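Engineer: sequence? don't have it. structure:
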């Protein structure tokens, strides 16, 4: 990872986020990150644009999306994590047309382009573990969600 371990940003997290589609989920999480001072006002558009070009949905046992935007839109490194109230379709990573109904969204806020690959690899490893989402689903507040996510990374 980066020289300073990345952590979930509590004011950029959301529990039981209601979204109609992937763009709605991404814009809601980006808005949290922007209001928290972690991302520039350009972050939401950059995140949605990148997701359209390079989908990030993973059809793991608990389907997850792991989107990010160019580091130029990020002010503070960390994660914006959301559990979704109902699954939302995202494009499947590495495909043009496949879709997966995602339950959890983990937005990477990276400030150094070279760190994206390493951070993404560690998250892909994490989301392939059995039951990794149980503590996230038990969270009732964004602070609890952030703490649960950080415990998974530890």
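Structural biologist: Great, that's in hand. Computed from a predicted structure; not experimentally measured. Numbering: from 1, shown residues only.

Engineer: show me where pLDDT drops low in the chain?
Structural biologist: Filtered on pLDDT under 70, the chain yields the residue ranges 1-4.

Engineer: spit out the contact partners of the residue with the largest distance to the centre of it.
Structural biologist: Within the chain, the residue lying farthest from the chain centre (C-alpha atoms, centre = their mean) is residue 97, at 20.9 Å. Shown in contact with residue 97 (C-beta atoms under 8 Å, 6 or more residues apart in numbering): residue 91. Where C-beta positions appear, they are placed from N, C-alpha and C, glycine not excepted.

Engineer: mind redoing it with 7 Å?
Structural biologist: Contacts for residue 97 were tallied using C-beta atoms under 7 Å, 6 or more residues apart in numbering; there are none.

Engineer: part of a helix, is it?
Structural biologist: No. Residue 97 is assigned coil when assessed by DSSP: H, G, I helix; E, B strand; the rest coil, not a helix.

Engineer: for it, give its distance to residue 22.
Structural biologist: Look at residue 97 and residue 22: by C-beta to C-beta, to the nearest Å, they are 14 Å apart.

Engineer: now do the phi/psi pair for the residue farthest from the centre of the chain.
Structural biologist: Main-chain torsions, residue 97, degrees, to the nearest 10: phi -130, psi -10.

Engineer: helices along this structure, start to end?
Structural biologist: In the chain, the helices defined using DSSP state H lie at 22-35, 43-53, 115-127, 134-138, 142-153.

Engineer: got the contact list for the one residue sitting closest to the centre of the chain?
Structural biologist: The chain has residue 106 as the residue nearest its centroid, 1.7 Å off, counting by C-alpha atoms, centre = their mean. By C-beta under 7 Å, 6+ apart, residue 106 lies in contact with 64, 66, 79, 81, 123.

Engineer: would you confirm that the third one contacts residue 110?
Structural biologist: Which is residue 79. No. The criterion here is C-beta atoms under 7 Å, and residue 79 misses it with residue 110 at 9.6 Å.

Engineer: higher neighbour count, these two?
Structural biologist: The neighbour comparison of residue 79 against residue 110 (other C-beta atoms under 10 Å) goes to residue 79, with 26 against 23.

Engineer: tell me the contacts of that one?
Structural biologist: By C-beta under 7 Å, 6+ apart, the contact set of residue 79 is 6, 8-9, 106-109, 149.
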